[in-house]
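> sequence first, predicted model second:
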Amino acid sequence: MTTETAPAVRCTALSYSFGNSKAVDGLDLLVRPGEVFGLLGPNGAGKTTTMRAITTLLPVPTGVIEVFGQDPARQQMAVRRLIGYVPQQLSADAGLTGLENVQLFARVYDVPRRERAARVSQALDAVGLGDVARRLAATYSGGMVRRLELAQALVSAPRLLILDEPTIGLDPIARDSVWDRINEIRSGTGMTVLVTTHSMDEADRRCDRLALMHLGRLRALGTPADLKGELVAHRRESGEPASPPPSLEDVFRHHSGSGLDDPGSEEEKGAFNDVRRTRRTATRRG
Ligand SMILES: Nc1ncnc2c1ncn2[C@@H]1O[C@H](COP(=O)(O)OP(=O)(O)OP(=O)(O)O)[C@@H](O)[C@H]1O
């Protein structure tokens, strides 16, 4: 299969353990080219581990991963060239200007020297930071820092953009601004986006398809509408009240609630809404 026709990502029986603890447990996943695919799940579900395995940042896992038909274990550099990655952790340097931050990534990604200046300025313009590129990142707001990190990832013109909690800690306006930029770039390039999120709203509004993960395993897969529709059908068949219409939160509870895997702690059962962590935006300004 050529990289043109291959799925953006295919994971087959993917597993990864930290010591005796299984972070990802037999995951099968297929991300189609051009879609926004969301990995949704509470803390510890295995989302970040899955992403890091795809990005080649973890030692070789068990199972198979393909990124546009390439194997990250054997074709590490080829895969890295296809990917732009925005990790959860802060990746912008507050002591550099926006421009310098993106220039740094252009060198790291080995963007050809003669294309560098144009690509850096395109990436900054694409995220709406062209006018403030010569200001220190320390003076940027949380939303601007997140857009700067997006520019860093975009400077290599990736076919697959991987975002780990892209809008955590941002207010709704900054969130929308980040997503608007991502979608503008997608419509211009056909780029695929793989994103993790805790946010039901973000998953519902922004993702074409979702994988619900819990305790390292895939619990459900589909469009937000399909996932909710399946729960409606299940309620109908089991004689449960049809209203109110289910939310994604209800879908998640249905798939990961008591009786599945380790139903153990009460904390784990229903805590989906309680896991929203902030990315400590304020400290990232200084
Ligand atoms: N470096 C590590 N060393 C040991 N255990 C780890 C490490 N990274 C993750 N884990 C464990 O692996 C499991 C999955 O973690 P992972 O970060 O992939 O989950 P997640 O769904 O991304 O959660 P979060 O939303 O909190 O980032 C958790 O039990 C976590 O404690």
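That came through fine.

> and residue 120, how many neighbours?
For residue 120, the tally of surrounding residues (other C-beta atoms under 10 Å) stands at 25. To be clear about C-beta, it is placed using only N, CA and C from the backbone, and glycine gets the same treatment.

> assumed it was part of a helix.
Yes - secondary structure of residue 120 (DSSP: H, G, I helix; E, B strand; the rest coil): part of a helix.

> with adjacent residues omitted, what lies nearest to it?
Counting by C-beta to C-beta, 6 or more residues apart in numbering, the nearest residue to residue 120 once its immediate chain neighbours are dropped is residue 102, at 4.8 Å.

> distance from the centroid: which residue in this structure tops it?
Note on the chain: the largest C-alpha distance from the chain mean falls to residue 239, namely 36.5 Å (C-alpha atoms, centre = their mean).

> those helices in the stretch 101-250 of the chain, which residues are they?
Using DSSP state H, counting those that start in this stretch, the helices of the stretch 101-250 of the chain run over residues 113-126, 142-154, 172-189, 200-206, 224-237, 248-256.

> most tightly packed of these?
Compared across the helices of the stretch 101-250 of the chain, helix 142-154 shows the largest average neighbour count, a mean of 25 (mean count of other C-beta atoms under 10 Å).

> let's see that one as CSV, backbone CA atoms only.
What follows is helix 142-154, C-alpha atoms only, in CSV (Å, rounded to 0.1, in the frame of the first residue of the first chain):
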residue,chain,number,x,y,z
GLY,A,142,-2.1,31.0,27.2
GLY,A,143,-4.0,30.8,23.9
MET,A,144,-1.2,32.5,22.0
VAL,A,145,1.3,30.0,23.5
ARG,A,146,-0.8,27.1,22.4
ARG,A,147,-1.0,28.6,18.9
LEU,A,148,2.8,29.1,18.9
GLU,A,149,3.2,25.4,19.7
LEU,A,150,0.9,24.7,16.8
ALA,A,151,3.1,26.7,14.6
GLN,A,152,6.2,24.8,15.8
ALA,A,153,4.5,21.5,14.9
LEU,A,154,3.3,22.9,11.5
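
> that helix versus helix 113-126: what angle between them?
Using axes from the mean of the first three to the mean of the last three C-alpha atoms, to 10 degrees, one finds that helix 142-154 and helix 113-126 are set 150 degrees apart in direction.

> from here on, count from 48
In the new count, where the first residue is 48, that last one comes out as helix 189-201.

> by contact count, what packs against helix 189-201?
Packing contacts for helix 189-201, counted by 3 or more C-beta pairs under 8 Å, 6 or more residues apart in numbering; DSSP states H and E, involve strand 130-133, helix 145-155, helix 160-173, strand 207-211, helix 219-236, helix 328-332.

> try 6 Å this time
Applying 3 or more C-beta pairs under 6 Å, 6 or more residues apart in numbering; DSSP states H and E, one finds that helix 189-201 contacts strand 130-133, helix 145-155, helix 160-173, helix 219-236.

> including mean pLDDT, could those go into JSON lines?
Shown next, in JSON lines, are those (pLDDT from 0 to 100):
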{"stretch": "strand 130-133", "mean pLDDT": "92"}
{"stretch": "helix 145-155", "mean pLDDT": "94"}
{"stretch": "helix 160-173", "mean pLDDT": "93"}
{"stretch": "helix 219-236", "mean pLDDT": "87"}
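
> minimum distance to residue 254: which of the ones you listed has it?
helix 219-236 (10.4 Å; C-beta to C-beta).

> rewinding a little: in TSV: the helices and strands packed on helix 189-201, plus distance to the ligand.
Below are these laid out as TSV (distance: least, C-beta to the nearest ligand atom, whole Å):
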stretch	distance to the ligand
strand 130-133	14
helix 145-155	22
helix 160-173	26
helix 219-236	17
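
> how long is stretch 101-119 end to end?
Using C-alpha to C-alpha, to the nearest Å, the span of stretch 101-119 from its first residue to its last is 7 Å.
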